[in-house]
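Colleague: got a structure for you, letters missing:
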């Protein structure tokens, strides 16, 4: 019996001018149904490529991904994706943006039901008063709320989050992290989530397990670190928690060791320039 | 003018420096131009008499307006007479064959402007109907783009004067009708205009579509939109700003090309007006041609402003 999401020996290279860049090398990842797994690493380490392969947006060079026993060949109907830079359609209002997703994912609903579903989800993320505003009339936090609503409105079984809070300021980020946790637990069925992040705190706050991505190239995955902290978790609570402190130290040590190895082999890449600390490394699109 | 309006709207108290730059400087250069023109024109003697100065041109503009009104009055009188005559005949004999004829006077200057605008819009519309869908295809598929590109590169620089004979021959051979809806000269000019004006829209649409933010295309993929939905709700809105840039350039090219096309095709618009006045060779001709030059310039400017306003209406990108 294999795991719900099962990625086996994935590798991926890109042609960069004359060179070939090996981004991922023989990466395997198992995610159980209903789990929240964070893939944690510095920027430029191939996290996003891994996620888009899992989601079916990109095809791997070798290896295979199955979800619920079915090989992934394209984006699944029961999967939703949240991008780092919101990726809302600027010519549509918040409601229309969410509605577009509902229309595509739940065509069996009537037009009124689709609208109601979109509106309900936006109200759940606290945007009931901004339904008719366009993305450029919303703050960054509100835009990401719309993007999260768009993902949840289609009642997904699987959530792929690509640094969902990376472009937000610290305060907004914390509020939204709590809301995401609330949304995930409020749904009446298990939602399996894979999140990409560069923040240890974010991963500690939300996930059942952290998978460190070890800088390469090509990048590989470290051993998953289970996090058995009780929920709901708070940032303040995590600051003094013994297990959290232990995990934090372990993750940072693992990632730094990988970076050091990469440097010793004389490989230069973007991760070299970004020191990874327990503080949140700002990553912008 | 637009500058002045914008200035008034944006701030109640206008900085003196801005006012000087936006209103004062253009006014001054226009006055200097008029002065130099009136000076130089008096010293050049042509076979049609002196080059007309600003005042003479202004008088000709007045004349054209007076002629327009006179022609309209004649037309009204003609219809009035015809109605009276028909009523009289019907009163004598209810079964009398009554003829209702259209007035056949020569088109006035304003009629010619209207014809020109009509021609350019029909040509522009034809061009847009071809170039926007084709541009979208080129932008979506590198293969189609590679197939179309040679034609774009080779046909784009061709002058309207080279197209016109070919267009004339083809239209003569294919547009055969006992009672044509449009005169052939009109079709010839419009088709020539579209042949010359479709390229900017085609190129810009292709560019707009091919340079859509990759994230937006990923959204379409993640939401599993049907490709028609992707086209209508993602691709077209995302490339509208560049499509409108292309349309704006196309309309400019079309309007410029139109005058030449009308001269050769004898479409009764501004081009024919200029040509007829040139052939006519009266002492007023040069003045009237200059009126046409200013008319063409001002209408071109207004068309450009209209397209610019439309462009700003759809420019979501800059507000993101």
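Modeller: Cool, got the structure. Note that the structure is predicted; figures quoted are calculated from it, not measured. Numbers count the residues shown, from 1 in each chain, chains lettered A, B, ... in the order given.
Colleague: Next one: the spatially closest residue to residue A:207 that is not a sequence neighbour relative to chain B, how far apart?
Modeller: Leaving aside its chain neighbours, residue A:207 sits nearest to residue A:38 (4.1 Å; criterion: C-beta to C-beta, 6 or more residues apart in numbering or on different chains). C-betas here are computed from N, CA, C, even on glycine. Relative to chain B, residue A:38 is positioned 20 Å away (C-beta to the nearest C-beta, to the nearest Å).
Colleague: Quick check: buried residues in the host helix or strand of residue B:217?
Modeller: In the assignment (DSSP states H and E), residue B:217 maps to helix B:214-222. Of the residues in helix B:214-222, B:215, B:216, B:218, B:219, B:220, B:221, B:222 count as buried by neighbour count, 16 or more other C-beta atoms under 10 Å in any protein chain shown.
Colleague: just checking, the fifth one touches residue B:231?
Modeller: Right, residue B:220. No - applying C-beta atoms under 8 Å, one finds residue B:220 not in contact with residue B:231, separated by 9.4 Å.
Colleague: for chain A, which spans come out with low pLDDT?
Modeller: A:1, A:186-188, A:263-285 (pLDDT under 70).
Colleague: Go again with 80.
Modeller: Scanning chain A for pLDDT under 80 picks out A:1-2, A:17-18, A:42-45, A:166-167, A:170, A:184-190, A:215-217, A:231-232, A:235, A:258-285.
Colleague: Enumerate the residues of it near chain B.
Modeller: Counting by C-beta under 8 Å from any C-beta of the partner chain, the residues of chain A lying close to chain B are A:52, A:55, A:57, A:75, A:77, A:79-81, A:83, A:85, A:87, A:89-92, A:100-101, A:104-105, A:134-136.
Colleague: what about burial for the residues you listed, which qualify?
Modeller: Neighbour counting by 16+ other C-beta under 10 Å classes A:52, A:55, A:57, A:75, A:79-81, A:83, A:85, A:87, A:89-92, A:100-101, A:104-105, A:134-135 among the residues of chain A next to chain B as buried.
Colleague: which residues in the chain form strands?
Modeller: Assuming you mean chain A. Secondary structure of chain A (DSSP state E): strands at A:5-16, A:19-31, A:36-40, A:62-67, A:70-71, A:79-82, A:158-162, A:192-197, A:209-214, A:220-221, A:225-226.
Colleague: my bad, chain B
Modeller: Under DSSP E, chain B gives strands at B:45-46, B:49-50.
Colleague: Show the contacting residues for residue A:40.
Modeller: In this structure, residue A:40 makes contact with A:197, A:198, A:199, A:200, A:203, A:210, A:211, A:212, A:213, A:251, A:255, judged by C-beta atoms under 8 Å, 6 or more residues apart in numbering or on different chains.
Colleague: which pair in these spans the largest distance?
Modeller: Spatially, the most separated pair among the contacts of residue A:40 is A:199 and A:211, at 14.4 Å (C-beta to C-beta).
Colleague: Just give me the longest helix of chain A.
Modeller: helix A:242-264 (DSSP state H).
Colleague: angle of that helix against strand A:209-214?
Modeller: Helix A:242-264 and strand A:209-214 are oriented at 20 degrees to each other (axes from the mean of the first three to the mean of the last three C-alpha atoms, to 10 degrees).
Colleague: Which positions in helix A:242-264 come out as buried?
Modeller: Across helix A:242-264, burial judged by 16+ other C-beta under 10 Å covers A:244, A:247, A:248, A:251, A:252, A:254, A:255, A:258, A:259, A:262.
Colleague: which parts of stretch B:135-145 are buried?
Modeller: Buried, per 16+ other C-beta under 10 Å, within stretch B:135-145: B:135, B:136, B:137, B:138, B:139, B:140, B:145.
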